[in-house]
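[1] Below is the sequence, then the predicted model.
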Amino acid sequence: MASTEEDGSVEEKENNNKKRTKSAIAVAWLTFYNIAMTAGWLVLAMAMMRFYIQKGTHKGLYKSIARTLKFFQTIALVEVVHCAIGIVRTSVIVTGVQVCSRIFMVWFITNSIKQIQNEESVILFLAVWTFTEITRYSFYTFNLLNHLPYFIKWARYNMFIIMYPLGVAGELLTIYTALPYVRKTGMLSMRLPNKYNVSFDYYYFLIIVMLSYIPLFPQLYFHMLRQRRKVLLGEIIVEKDE
Ligand SMILES: CCCCCCCCCCCCC[C@@H](O)CC(=O)SCCNC(=O)CCNC(=O)[C@H](O)C(C)(C)COP(=O)(O)OP(=O)(O)OC[C@H]1O[C@@H](n2cnc3c(N)ncnc32)[C@H](O)[C@@H]1OP(=O)(O)O
């Protein structure tokens, strides 16, 4: 009996040690990741401001920052992995929708359709994303370091109230502006007959994407409102299993 108890406690200790090592590694990785992402979005913010100050126009701005934007927005896929392996307490679905919709905007809309790159709506969502991500990643960084200034916490859980609708407006307007080009060129579409016997119309796909904002965006918005109540007002919120 005694030896079993001893074994149990040794096993427990080993498990606790493993957990501690895992969480130390996770914290180190997340700190590095959040610092890198804050820096990346700060670089983007500075590049955009410099471009506008030097040229006095937003025309050509997207092209000048495209590579950096694609890099840092695509890297954000790692955040879905963070949720999946449980190193952050966030829903895989919520994070997945947020990250995938951004990657779709960057790669399959703005990057693929050159004719829309100079639209004001592109600048709108870029400015909103940049502000949001600098706030969000610096919030996570300072939080992990246990030195979170109140104004960053306040900005993280208040600014989204205006920024989310503005970002969505920029994204939807951009897709809407792209529709005529997509229809005219038939880009990324497959018409029958073809050897795979498959038909795909990117124009209608984009309309479906626009419509999917109606059910999906409120889920993200209400998720953030719940987080806001939890963090700023200290409410205890029982999340449903996902
Ligand atoms: C294939 C085609 C697909 C097309 C789909 C079309 C549908 C599109 C509908 C969606 C529209 C989206 C539009 C959007 O792009 C527009 C904008 O973004 S506009 C800008 C405004 N946006 C925002 O303010 C939201 C920004 N995004 C987020 O905040 C997150 O991505 C979100 C997942 C929405 C929420 O974050 P989360 O659940 O993580 O909340 P918290 O920040 O409070 O964190 C919860 C806990 O997890 C810890 N955590 C999370 N991440 C990290 C990290 N990287 N490092 C360390 N810790 C992290 C955090 O600290 C919390 O921990 P605890 O509870 O212990 O304090």
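    Received it, and whenever you're ready, just let me know what you need.

[2] Count residues in the vicinity of the closest residue to the ligand within the chain, would you?
    Nearest to the ligand, among the residues of the chain, is residue 167, at 2.2 Å (Cβ to the nearest ligand atom). From N, CA and C alone the C-beta is placed, and that goes for glycine too. Neighbours of residue 167 under the rule other Cβ atoms under 10 Å: 22.

[3] With residue 150 instead?
    7.

[4] likewise residue 218?
    11.

[5] ok, now which ones touch it?
    With contact set as Cβ atoms under 8 Å, 6 or more residues apart in numbering, residue 218 has no partners.

[6] My reading is that it is in a strand; is that accurate?
    No - Residue 218 is assigned helix when assessed by DSSP: H, G, I helix; E, B strand; the rest coil, not a strand.

[7] and stretch 77-92 with the ligand, contact?
    Yes - among the residues of stretch 77-92, 79, 88-90 lie within reach of the ligand under Cβ under 6 Å from any ligand atom.

[8] quick revisit: for the residue of the chain closest to the ligand, pull up the helix or strand it's in.
    Using DSSP states H and E, residue 167 sits within helix 160-185.

[9] Quick one: low-confidence residue ranges for the protein.
    1-11, 13-22, 237-242 (pLDDT under 70).

[10] Up against the ligand, what does it have?
    30, 34, 79, 88-90, 94-95, 97-98, 100-102, 104, 128-129, 132, 136, 140, 143-144, 160, 163-164, 167-168, 171, 209, 212-213, 216-217, 220, 223-224, 227.

[11] residue boundaries of the helices in the chain?
    2-55, 61-75, 78-84, 92-104, 120-144, 150-158, 160-185, 202-233 (DSSP state H).

[12] Which other helices and strands does the fifth one contact?
    Using 3 or more Cβ pairs under 8 Å, 6 or more residues apart in numbering; DSSP states H and E, the elements in contact with helix 120-144 are helix 2-55, helix 61-75, helix 150-158, helix 160-185.

[13] closest one to residue 233 among these?
    helix 150-158 (9.5 Å; Cβ to Cβ).

[14] chain center to that closest one, what's the gap?
    Relative to its chain's centre, helix 150-158 lies at 18 Å (Cα atoms, centre = their mean, to the nearest Å).

[15] Please name the nearest non-neighbouring residue to the spatially most central residue of the chain.
    Residue closest to the average C-alpha location in the chain (Cα atoms, centre = their mean): residue 99, at 3.9 Å. If the residues on either side of it in the chain are set aside, residue 99 comes closest to residue 76, at 5.0 Å by Cβ to Cβ, 6 or more residues apart in numbering.
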